[in-house]
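[1] got a predicted structure here, sequence first:
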Amino acid sequence: MQILQGEAARAALSRSFNDIPVPESVLARNEQLYGERLTPQQVVERILADVRVRGDDALLDWTEKVDGFRPTLRVSAEEIGAAQIGPELLAALRLAIRRVRDFYRQQPAHGWIDYGAGGALGQLVRPLSRVGVYVPGGLAPLISTLIHTAVPAQVAGVPEIVVTTPPNREGQIHPAILVAARELGIEQVFRVGGAQAIAALAYGTASIPRVDKVAGPGNLFVVIAKRLVFGQVGIESLPGPTETLVIADDTASARYVAADLLAQAEHLGAEPVLISPSRDLLIRVQAELGGQIEALPEPNRSWARDSIESRMKIVLAADLSEALDLANLYAPEHLCLLTRDPWSLLGSVRRAGGVFVGEDSMEALGDYVAGPSHVMPTGGTARFMSPVNVRDFQNIISVVGVNAAELARIGPAAALLARAEGLEAHARAIESRLMVPDE
Ligand SMILES: NC(=O)c1ccc[n+]([C@@H]2O[C@H](COP(=O)([O-])OP(=O)(O)OC[C@H]3O[C@@H](n4cnc5c(N)ncnc54)[C@H](O)[C@@H]3O)[C@@H](O)[C@H]2O)c1
Ligand SMILES: N[C@H](CO)Cc1c[nH]c[nH+]1
Ligand SMILES: [Zn+2]
């Protein structure tokens with residue numbers, strides 16, 4: 001594999017969300033499904049327009065066409081109640097819920113009101129009323145994603161959560177997703193995925209209630225749909241196909257570096273990036289990757305090989321400082337630091353969804369039980385977006401309650417600014433309170 005350096009590395013790691021690459025496999029599947037090589041954007045536009053007009057019928061038609069099954073949309077309370085998983089998996093699921101909940105309970109997310117000499121100013125914080133959570137399920141049923149999205153919303157105080165997730169070819173949802181919903185007290189789960197699920201949550205249908213905000217990651221179709229419905233509904237961020245950037249030096253274990261790259265490479269469409277100041281490490285990791293890919297079972301081997309062969313970038317940096325500059329430029333979803341003294345690099349990290357410090361804090365642990373939500377910004381959007389968190393599920397309402405003395409002090413300036421804007425009624429509204437009342 002080609003090793004990039006200097007300007008070539010900078011060019012390869014600079015990106016704009018608008019030119020997010022569409023894998024050839026997606027275009028080929030679209031040709032099969034639609035008889036022409038439609039882009040995901042074109043497909044999503046059709047789906048959104050159709051669901052908006054035809055509601056549930058459109059959801060069923062698109063699910064049948066794309067997922068191969070015409071499902072009963074709502075999972076009944078009996079099905080949620082009857083879902084079973086083994087005791088060890090249940091214990092793991094409960095551990096994940098507890099650790100994510102404990103993490104988000106630490107996030108400062110309260111309102112404040114300052115009662116000063118001039119009256120009161122502050123911010124009220126209120127939970128959103130109804131939130132939609134998208135749980136990916138195209139290739140792997142991402143049980144953990146339900147936990148990592150719904151729990152921060154619940155900590156924020158959201159009373160109603162609506163879950164959508166695609167059914168498998170038998171029209172089923174993985175029982176652990178239903179058990180997780182039950183553990184979280186979520187009653188509304190719908191068998192629908194992709195852009196049609198996002199459309200349903202944004203517009204509402206006879207079966208699926210319209211929500212105030214849609215959260216959760218997904219493939220290109222999901223991400224594009226979320227981008228297109230923004231404004232009609234709130235969108236927490238645009239977490240799409242996953243990516244991991246590892247910075248490793250000559251002290252890193254090539255085995256661990258390869259394992260961490262492959263852990264994310266097995267997500268379809270993932271982008272693995274490795275940056276090191278050591279050419280020797282880069283060569284050793286490539287050899288390890290070959291062996292570890294071969295040792296994976298199918299279909300994971302094919303998914304990981306596709307990510308490594310089609311999208312992996314390998315960069316030789318002059319030193320760790322250049323490695324961090326390049327990482328900040330790329331703004332990865334996951335930044336993994338596998339160096340002699342990883343904590344010394346933390347101060348230079350400026351753009352990333354999450355940073356994983358040292359070889360015992362592998363990103364795969366973060367996917368499940370570390371604590372922070374694994375739903376993190378991708379595609380370079382970490383330049384301006386953050387991982388899912390409590391604030392995503394709250395409104396802030398500004399409070400203004402100044403008293404008469406304060407009004408007398410600051411009112412004239414406001415009236416002056418209003419007249420400078422040519423807004424006479426604004427000025428008069430202020431001055432009407434400044435006038436001494438007639439005896
Ligand atoms: N960034 C994050 O925080 C994060 C977290 C978890 C997962 N992810 C990403 O989520 C993604 C999950 O993808 P997935 O595909 O497995 O599941 P998914 O649920 O996101 O998408 C599957 C759905 O896509 C739709 N679809 C697929 N091909 C289509 C086509 N040709 N036309 C119309 N619709 C189509 C179908 O409706 C299908 O049900 C992965 O890329 C993974 O990396 C990201
Ligand atoms: N790494 C994915 C994106 O952050 C999330 C995930 C869920 N399950 C396994 N991995
Ligand atoms: Zn993962």
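    Thanks, I have it. Ligands and ions are numbered 1, 2, ... in the order given.

[2] if I pick the residue nearest the centre of the chain, what's in contact with it?
    For the chain, the residue nearest the mean C-alpha position is Pro239 (3.4 Å; Cα atoms, centre = their mean). Pro239 is in contact with Gly216, Pro217, Gly218, Val223, Glu333, Val375, Met376, Pro377, Thr378, Val388, counting by Cβ atoms under 8 Å, 6 or more residues apart in numbering. Placement of C-beta: from N, CA and C, glycine included.

[3] so which of these also contact ligand 2?
    With Cβ under 6 Å from any ligand atom as the criterion, the members of the contacts of Pro239 in contact with ligand 2 are Met376.

[4] and the contacts of Pro239, which of them are in strands?
    Judged by DSSP state E, strands contain none of the contacts of Pro239.

[5] would you reformat the contacts of Pro239 as CSV and include distance to Ala427 and neighbour count?
    What follows is these, written out as CSV (distance: Cβ to Cβ, whole Å; neighbours: other Cβ atoms under 10 Å):
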residue, distance to Ala427, neighbour count
Gly216, 47, 29
Pro217, 49, 30
Gly218, 50, 28
Val223, 47, 26
Glu333, 50, 30
Val375, 47, 26
Met376, 47, 26
Pro377, 43, 27
Thr378, 48, 27
Val388, 44, 30
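
[6] from the contacts of Pro239, pick the one nearest Leu289.
    Of all those, Leu289 sits closest to Glu333, with 19.7 Å by Cβ to Cβ.

[7] next up, phi/psi of the closest one, please.
    When quoted as degrees, to the nearest 10, the phi and psi of Glu333 stand at phi -60, psi -50.

[8] mind checking how far the residue nearest to the centre of the chain is from ligand 2?
    According to Cβ to the nearest ligand atom, to the nearest Å, Pro239 and ligand 2 sit 7 Å apart.

[9] in three-state terms, label that residue for me.
    Classification of Pro239 into helix, strand or coil gives coil, according to DSSP: H, G, I helix; E, B strand; the rest coil.

[10] what about the closest residue to it other than its chain neighbours, distance to Leu268?
    Spatial nearest neighbour of Pro239, excluding adjacent residues (Cβ to Cβ, 6 or more residues apart in numbering): Pro217 at 3.7 Å. Here the distance between Pro217 and Leu268 works out to 12 Å (Cβ to Cβ, to the nearest Å).

[11] swap in Glu406?
    With distances defined as Cβ to Cβ, the gap from Glu406 to Leu268 amounts to 58 Å.

[12] you'd agree Arg126 is in a strand?
    Yes - counting by three-state DSSP, Arg126 falls inside a strand.

[13] and it, what's its pLDDT?
    Per-residue confidence at Arg126 stands at 98 (pLDDT).

[14] next, count neighbours for the residue of the stretch 251-400 of the chain found nearest ligand 2.
    Of the stretch 251-400 of the chain, the residue with the smallest distance to ligand 2, taken as Cβ to the nearest ligand atom, is Asp367 at 3.6 Å. Here the count is done by other Cβ atoms under 10 Å, and Asp367 has 19 residues near it.
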